[in-house]
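Trainee: test case, fold it:
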Amino acid sequence: MPKEKKFYQYHEPVDFRDTWRIFKIMSEFVEGYQFISQFRREVTVFGSARTKSTNKYYKLAEESAYLLGKKKNTIITGGGPGIMEAANRGATRANAVSVGLNIQLPREQVINPYVKKAQGFHYFFTRKVMLTSPSQAFLYYPGGFGTIDEFFEVLDTMELGKMPEVPIGLVGKEFWSPLVDFLKKYSRDYIGSITEKNLKLFTQVDTAVEVVKLVEKTKERAFFRELSPTNLSTGESANWMIFKIMAELVEGFDFVSNLHDNITILGTRSVKPDSIYYQAAYNLAYKLGKNKYSVMTGGGSGIMEAANKGAYEAGTSSIGIGIKTFHNNKMNDYLTKSLNFKFPFTRKLIITAPSLGFVAFPGGFGTMHQVFEILTLMQTGKIGKIPIILFNTKYWAPLDKFIKEILAKKFKTINPEDTKLYQIVDTVDEAIKIIKKAPRNLKKLKK
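Mentor: A predicted model of the protein is given here:
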């Protein structure tokens, strides 16, 4: 039907063997690291670009940044309007360093007038690395898909041991409490994908005084610490990190260049083979395999193992994209192809780039981050629209309610039509039906 065709507005497929793409990405890393290495006592502020100057959270962000600026903190934002403008404005009032890391969008986002030092980026993932690499604290004000994505990315990176645990402030309990309640009731208590310790990584606050008190506890972070277990910090050592990032990108792009009709399945590692979710993930991957789709996961246990097992037994490509951590790195036994990454951001790019669609089973910080990142990329026009399927109403309904009632209706940080970028299903057949609507084999990549 015409309406369905309009939804799946696919872009041209990415040529992963395009050498210039690699150099463009690496130039953003080099220039980005050179830019942010000059700052100290950094606090990164996230929030909606749509927040008006009359809004109480605009005023709160400005006042908080002003007080932090007076204490010689550098304020870093995405450089745009709304909450970002408010924080840069407060920093400028305090004569503090006011930084903006802007993103180039199809609908141009102009840097706000209160940014005193700026750097622009084409790629979301390089920009997000720069927003998080140096900071000794993170503040999240009410926002949309991008803010939620950035929140879960920082939590996921900390949980993986790739970033030191620094204070995270969720500013505005009326906005954040429904999401926190979902994490407690469903992610922690129902599915076991996160722990009580994970929930202590962030604090909800409501006032500028609470914000300052939270940040005052922090210390200057070693630059590049999260990139190197050996704490390489500056100069030539940092340059070697750039080459390691480049090596992972080249190897990753070469790996996915031969994949086609790929569906990525996300979900927690905490479920056992007797779980209804394990069986559903197995059945979905098996049917996808029989329909000649390849299946990609993070390569671990739980939902990932179930999906890889289903794909393997269906005779299709069963792919695992793993991450090297200090935790258990064991990949499951049902992979026909696999690749491991050191850097979370390179892995995330490779697990995202080749997929025709995503199916998210109940999961934790990593699953949430991946879902909201794809939603952000589609919402901002960075990628074409692809199926985003959330499996199981019981688990996802509270998050769906948060998106529709808090983001779209009450705070208006997303448009009502943005809630149609994902769909919730309860059966494997429903998921298969949605996936089949997306076009396949758009164009073979040139060797």
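
Trainee: just the helices in the stretch 151-300 of the chain please.
Mentor: 173-182, 196-199, 208-216, 235-256, 276-290 (DSSP state H, counting those that start in this stretch).

Trainee: so for stretch 26-40, mean pLDDT?
Mentor: What stretch 26-40 shows for mean pLDDT is 86.

Trainee: give me the buried positions along that stretch.
Mentor: Across stretch 26-40, burial judged by 16 or more other Cβ atoms under 10 Å covers 26, 28-29, 32-33, 36-37, 39. Quick note: C-beta positions are derived from backbone N, CA and C, even for glycine.

Trainee: equivalent analysis for stretch 397-406, please.
Mentor: Across stretch 397-406, burial judged by 16+ other Cβ under 10 Å covers 398-400, 402-403, 406.

Trainee: chain center to it, what's the gap?
Mentor: Offset of stretch 397-406 from its chain centre (Cα atoms, centre = their mean, to the nearest Å): 19 Å.

Trainee: cool, and stretch 315-326?
Mentor: With Cα atoms, centre = their mean as the basis, stretch 315-326 stands 19 Å off its chain's centre.

Trainee: same check, this time on stretch 417-426
Mentor: Relative to its parent chain, stretch 417-426 has a centroid offset of 18 Å by Cα atoms, centre = their mean.

Trainee: for that stretch, measure first residue to last.
Mentor: 22 Å (Cα to Cα, to the nearest Å).

Trainee: who touches that stretch?
Mentor: Contacts to stretch 417-426, defined as Cβ atoms under 8 Å, 6 or more residues apart in numbering, come from residues 7, 144-145, 371, 375, 378-379, 385, 387-393, 396-397, 400, 403-404, 408, 431, 434.

Trainee: in helices only, show me those.
Mentor: Those of these mapping onto helices are 7, 145, 371, 375, 378-379, 393, 396-397, 400, 431, 434, per DSSP state H.

Trainee: where does pLDDT dip in this protein?
Mentor: 1-20, 105-109, 220-240, 326-329, 441-447 (pLDDT under 70).

Trainee: show me how it divides into domains.
Mentor: Listed domain ranges for the chain are 2-14+251-437, 19-241 (source: automatic domain parsing).

Trainee: centre of the chain to the first one, how far?
Mentor: A distance of 13 Å separates the centroid of the chain from that of domain 2-14+251-437, by Cα atoms, centre = their mean.

Trainee: in a helix, residue 43, correct?
Mentor: No. The assignment for residue 43 is strand, going by DSSP: H, G, I helix; E, B strand; the rest coil, so no helix is present there.

Trainee: give me the neighbour count for residue 308.
Mentor: Burial of residue 308, expressed as a neighbour count using other Cβ atoms under 10 Å, amounts to 31.

Trainee: now it, what's its secondary structure?
Mentor: Under three-state DSSP, residue 308 falls in the helix class.

Trainee: not counting sequence-adjacent ones, nearest residue to it?
Mentor: Take residue 308 and drop its neighbours on the chain: the residue closest to it by Cβ to Cβ, 6 or more residues apart in numbering is residue 334, 4.0 Å away.

Trainee: JSON lines please, covering the buried residues of stretch 26-40 and showing distance to residue 366.
Mentor: Shown next, in JSON lines, are these (distance: Cβ to Cβ, whole Å):
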{"residue": "26", "distance to residue 366": "25"}
{"residue": "28", "distance to residue 366": "24"}
{"residue": "29", "distance to residue 366": "22"}
{"residue": "32", "distance to residue 366": "24"}
{"residue": "33", "distance to residue 366": "25"}
{"residue": "36", "distance to residue 366": "25"}
{"residue": "37", "distance to residue 366": "28"}
{"residue": "39", "distance to residue 366": "29"}
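
Trainee: lovely, talk soon.
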